[in-house]
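Peer 1: have a look at this prediction, sequence included:
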Amino acid sequence: MSSTEIHELQRTIGQLRHCVGALRGRYGDIPAVRRLMNDIERLDIDSSEFSATPSTPVPRPAAEGEFVVVPDTPYDPALWQGADDEGVGGYHR
């Protein structure tokens, strides 16, 4: 996440905090307002973790011996029922 995106996220969380503060002023400390305030705090904590992470995602290393088996058997024709071929038009029309 770029610094611009992080700044925008933090600014938006600040606006949300302001709006929920207005709700608290109007409705008091009801459970719905407390839950919203808790959610905002969680968003703030989660967004602060982005500044500590590198800007490019780190690829997950493959576990030794990990592989994906792709079968050679044909797919079930029912999977393609009603599908269109891209760029060709309707299937079997």
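Peer 2: Thanks, I have the structure now. Numbers count the residues shown, from 1 in each chain.
Peer 1: pull the residues that contact stretch 18-31.
Peer 2: The set of residues external to stretch 18-31 that reach it, using C-beta atoms under 8 Å, 6 or more residues apart in numbering, is 33, 36-37, 40. Where you see a C-beta, it was placed from the backbone N, CA and C, and this is true even at glycine.
Peer 1: burial check on residue 20, number of neighbours?
Peer 2: 18 (other C-beta atoms under 10 Å).
Peer 1: in the strand or helix carrying it, what counts as buried?
Peer 2: Taking DSSP states H and E as the definition, residue 20 sits inside helix 3-27. Buried residues in helix 3-27, counted by 16 or more other C-beta atoms under 10 Å: 9, 13, 20.
Peer 1: and if you look at stretch 40-59?
Peer 2: Buried residues in stretch 40-59, counted by 16+ other C-beta under 10 Å: 40, 43, 47.
Peer 1: show me how far it is from its chain's centre.
Peer 2: 13 Å (C-alpha atoms, centre = their mean, to the nearest Å).
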